[in-house]
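Trainee: Sequence and predicted structure are below.
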Amino acid sequence: MKRFYCYVSALCLVWAASCGSSDVPVYLDDSKPIEERVEDALSRMTLEEKVAMLHAQSKFSSPGVPRLGIPEVWCSDGPHGIREEVLWDEWGGAGWTNDYCTAFPALTCLAASWDPSMSAIYGKAIGEEARYRNKTVLLGPGVNIYRTPLNGRNFEYMGEDPYLASRMVVPYIRNVQEQGVATCLKHFALNNQEYHRHDVNVEVSDRALYEIYLPAFKAGVVEGGTWSIMGSYNLYDGEHCCHNKRLLVDILRGEWGFDGTVISDWGGVSDTRQALDNGLDLEYGTWTDGLARNSGGSDAYDNYYMANPLLEMIRSEEGDAAKADIAKVDDKVRNILRMIFRTSMDRTRPYGSFATQEHADVSRRIAENGIVLLKNDNSVLPIRPAEVSKILVVGENASRRMTIGGGSSSLKVKYEVLPVEGMRNVYGEDKIVCMKGYSSNPDEKVESLDELRAAAAECDAVVFFGGLNKKGYQDCEGADRKEFGLPYGQDEVIAALAGANPRTAVVIISGNAVAMPWVDSVNAIVEGWYLGTEAGNALANVISGAVNPSGKLPFTYYAKLEDCGAHAFDAKCYPGETSEGGDGSDIYAGERKPTEQLEKKVFNERYSEDIFVGYRWVDLYNIEPTFPFGHGLSYTTFEYSNLALDRETMPVDGRLTVTVDVRNTGPVRGGEIVQLYVGDNESTVERPVRELKAFDKVFLDPGETKSVKFVLDRTALQYFDADRHDWQVEPGTFTVYVGASSRDLRGKAEFTVE
Ligand code: BGC
């Protein structure tokens, strides 16, 4: 009997194996190629089901196909941690208790590590958090170029140099996506300021577009393979970037072969026809039926440009016109399905993990690698715990939570170690004396300068934690900074403290450069960024010397605003102006205005500095910045020697190997970021004096030497020829510069390109 049952069940298995698979629709069959699955799913969908997939259904989700079991898309900000769950229809928190996340350092800090392995661990950890929270899409990373230090969102980006940002963004993307979560690279493109972000129309040369503003996006698409990208709010060439033909159709899909989903920034769509024709796939944005028209109520989703208006448009068409538009809808659905198959319908994707000790450790390591020691005269730092009995900790930012604020990147964290807590952890409670020094609240009274001076003089050392704070106009989405200087009277406080105690260290918490009128009178300055969950511990570890700082600036620290190319011209260059020369306050002042009003006026901005952004500008005009691009000190010193090229002449399509020895000549182990710049000595077009073309971060014990090797190819030599729409290399002599910053060049050598 038993044998009979075995026989029957074996027969059943054979039968199931031979014909059972035909019961599984192709789109659900993992063994089939994704493109076949996409086509199969598409062939089963009605037009209504397709259009439903093209727009949001809640603040952060859009429909799947319930009838077919195709899951919804769930997005989350990004880019520094997984945002709390919000209500279906409102920005308010949903009040869940299982969404306290790990906050990772802001992307400026990641860029300041100049270490792609830090991007890799960042991407893996944040990807695991996104996966655990069941997100399809992580809204980040951001790679808009740092054009002006006033941009309120620079802290979410990777600095001023396209090469550095390109190298740092790729591992972040790859490692997030290995967790089965799509990154959404943002904000594509030319979203370099928050002022008038919804209606500024950027005019930029093709050369600057291709050399400065696009490379990091291209790297994220082509090398990183991002599965989605976010169109930006602003306009380029008179068209909103969420449905901009040149950017999305010609460049993104045409030149770069992007096959993922183009997602709008929230409320960034303003025209059904343009969105259908010009490459947008998925419209998001709540409480609005697009960029301009506030619906003023919940459930406006059916009114979205890519919802009923699209359906009605297609239904009113006939013949070829209808067919052509349905084909466009099909293409969009394909792009979204492809992303879903790569993420939530990938049965092999990992399960993720959330708010773990391991992630906190990763966050702290990245923070410690990105903190930049800007100045350290007379070895004020490190302040070794054994050397001091009292440290005065001053400044509101010593005890201000920085994971909150700043706009959409604000986080609900499991915990955040404040700078003062980190100081107490390292030095012990008894050694830390606290004073507020200044307040962001104009009604709050704090100590007088005399009181601060007296306290500073009594302590062995003073550490001031100030800077910006992610409030409106102070590194925050939706508005630019109004001034380059520090707010709340901090300059006077710093000058008073430094005058009373020469062992004063100033720690700037910010995502932007700030004016430092006191730079010569303060002996030690640290750029402390927004560091996330482990902020206080990372800062205190650097201040005490437990960690040797090894970050370098990913942007130029200008001495004054006018030293920045974007501020060296008229108002049209920054912040932009209307066609009548107005400041645009009549068309937009932070609040969205109805389409009809927006259409009346255009707010234009011309990038007159062209390719000369950041160090490219100050180098061209020999302007002395407070701290140059690539600058950062260590508690040890490094010596460069034996710079050598493997050849004197390089064929255009050949390779050139550059080697240099770097030796740790100081007392402690440390990391040095060795930077390689290339300059074209004679050129028929104007070119930057030199441009970053390679870098490597090496860690050395005292006395240890490492030989650092760089291999250059034509991409290190070329410029973008707009007339030919191609990259060109002009034969002639070039110079390779190797150094510790864009200004601290330790060696150079010439070679000839044939
Ligand atoms: C921001 C995006 C963000 C989105 C969702 C927009 O206002 O510009 O960066 O991902 O909101 O929060």
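Mentor: Thanks, I have it.
Trainee: what does this protein put close to the ligand?
Mentor: 77-78, 139, 186, 265-266, 408 (Cβ under 6 Å from any ligand atom). Using the backbone N, CA and C atoms, a C-beta is placed for each residue, glycine as well.
Trainee: Arrange those residues in CSV, one row each, with secondary structure and pLDDT as further columns.
Mentor: Listed next are the residues of the chain next to the ligand as CSV, based on DSSP: H, G, I helix; E, B strand; the rest coil; pLDDT from 0 to 100:
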residue, secondary structure, pLDDT
Asp77, strand, 97
Gly78, coil, 94
Leu139, strand, 98
Lys186, strand, 98
Asp265, coil, 95
Trp266, coil, 92
Ser408, coil, 96
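Trainee: quick check, nearest of those to Thr343?
Mentor: Leu139 (13.8 Å; Cβ to Cβ).
Trainee: Stretch 41-51: end-to-end distance?
Mentor: 14 Å (Cα to Cα, to the nearest Å).
Trainee: for it, what is the average pLDDT?
Mentor: For stretch 41-51, mean pLDDT is 98.
Trainee: before we move on, what SS does Thr752 have?
Mentor: Secondary structure, DSSP: H, G, I helix; E, B strand; the rest coil: Thr752 is strand.
Trainee: Please enumerate the helices of the stretch 151-300 of the chain.
Mentor: 162-177, 206-208, 215-218, 272-277 (DSSP state H, counting those that start in this stretch).
Trainee: how about the nearest residue to Tyr304, chain neighbours excluded?
Mentor: Setting aside the residues directly before and after it, Tyr304 is nearest to His55 in space (Cβ to Cβ, 6 or more residues apart in numbering), at 4.2 Å.
Trainee: Tell me the backbone dihedrals of that neighbour, please.
Mentor: Taking degrees, to the nearest 10, you get phi -150, psi 160 for the backbone angles of His55.
Trainee: in the stretch 501-650 of the chain, which spans are strands?
Mentor: 504-509, 524-527, 577-578, 603-606, 638-645, 649-650 (DSSP state E, counting those that start in this stretch).
Trainee: By proximity to the ligand, which residue of the stretch 151-300 of the chain wins?
Mentor: Closest residue of the stretch 151-300 of the chain to the ligand, Cβ to the nearest ligand atom: Trp266 (3.9 Å).
Trainee: Quick one: neighbours of that residue, just the number.
Mentor: Neighbour count of Trp266, defined by other Cβ atoms under 10 Å: 22.
Trainee: and the gap between the residue lying closest to it once chain neighbours are set aside and Val738?
Mentor: Once flanking residues are discounted, Trp266 sits nearest to Gly285: 4.1 Å by Cβ to Cβ, 6+ apart. Here Gly285 is placed at a distance of 47 Å from Val738 (Cβ to Cβ, to the nearest Å).
Trainee: Then Val262?
Mentor: Applying Cβ to Cβ to Val262 and Val738 gives a distance of 40 Å.
Trainee: between these two, which one's more packed in?
Mentor: Comparing Val262 with Val738 by other Cβ under 10 Å, the one with more neighbours is Val262, at 27 against 23.
Trainee: Just grab the bridge partners of the more buried one for me.
Mentor: Ile229 (DSSP bridges).
Trainee: Now do the same contact list for it.
Mentor: Counting by Cβ atoms under 8 Å, 6 or more residues apart in numbering, Val262 makes contact with 228-231, 242, 248, 252, 279-282, 335.
Trainee: Swap in 10 Å and give it another go.
Mentor: Val262 makes contact with 184, 188, 228-231, 242-243, 247-249, 252-253, 275, 278-282, 332, 335-336, according to Cβ atoms under 10 Å, 6 or more residues apart in numbering.
Trainee: follow-up on the earlier one: so who does the residue nearest to Trp266 touch?
Mentor: Per Cβ under 10 Å, 6+ apart, neighbours of Gly285: 55-56, 59, 242, 264-269, 291, 300-301, 304-305.
Trainee: how about a cut-off of 7 Å?
Mentor: Contact analysis of Gly285 by Cβ atoms under 7 Å, 6 or more residues apart in numbering lists 56, 264, 266-268.
Trainee: Quick check: of the residues you listed, which has the highest neighbour count?
Mentor: Ser264 leads the contacts of Gly285 on contacts (other Cβ under 10 Å) with 30 neighbours.
Trainee: how about that residue, what does it touch?
Mentor: Contacts of Ser264 by Cβ under 7 Å, 6+ apart are 231, 242, 280, 282-285.
Trainee: So, low pLDDT: which residues of the chain?
Mentor: The chain contains residues with pLDDT under 70 at 1-22, 286-299, 585-601.
Trainee: at 50 what do you get?
Mentor: 1-20, 289-292, 588-598, 600 (pLDDT under 50).
Trainee: sorry, back to before: need the contacts of Gly285 in a markdown table with distance to Leu310, can you?
Mentor: Shown next, in a markdown table, are the contacts of Gly285 (distance: Cβ to Cβ, whole Å):
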| residue | distance to Leu310 |
| --- | --- |
| Ala56 | 14 |
| Ser264 | 13 |
| Trp266 | 18 |
| Gly267 | 17 |
| Gly268 | 16 |
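Trainee: ok, back up a step: doesn't Tyr284 make contact with the residue of the stretch 151-300 of the chain closest to the ligand?
Mentor: Yes: counting by Cβ atoms under 7 Å, Tyr284 is a contact partner of Trp266 at 5.3 Å.
Trainee: out of everything not next to it in sequence, what's closest to His631?
Mentor: Counting by Cβ to Cβ, 6+ apart, the residue nearest His631 is Ser741, at 4.1 Å.
Trainee: I figured the one you found hits Pro628, correct?
Mentor: Yes: contact criterion Cβ under 7 Å: Ser741 and Pro628 qualify, at 5.2 Å.
Trainee: what about the strands in the stretch 1-150 of the chain?
Mentor: Under DSSP E, counting those that start in this stretch, the stretch 1-150 of the chain gives strands at 61-62, 73-77, 137-139.
Trainee: Deepest-packed of those, please.
Mentor: Per residue and on average, the most neighbours among the strands of the stretch 1-150 of the chain fall to strand 137-139, with a mean of 30 (mean count of other Cβ atoms under 10 Å).
Trainee: Direction included, what does it pair against?
Mentor: Short version: by DSSP bridges, strand 137-139 pairs with strand 73-77 (parallel), strand 182-188 (parallel).
Trainee: Got phi/psi on Leu392?
Mentor: Main-chain torsions, Leu392, degrees, to the nearest 10: phi -90, psi 120.
Trainee: Next up, the contacts around it.
Mentor: Applying Cβ under 7 Å, 6+ apart to Leu392 gives the contacts 433, 435, 455-456, 459, 462.
Trainee: May I see the buried residues of the lengthiest helix in the chain?
Mentor: If you go by DSSP state H, the chain has its longest helix at helix 319-342. By neighbour count with 16 or more other Cβ atoms under 10 Å, helix 319-342 contains the buried residues 325, 328-330, 332-342.
Trainee: for stretch 96-105, same thing?
Mentor: For stretch 96-105, by 16+ other Cβ under 10 Å, it's 99, 101-105.
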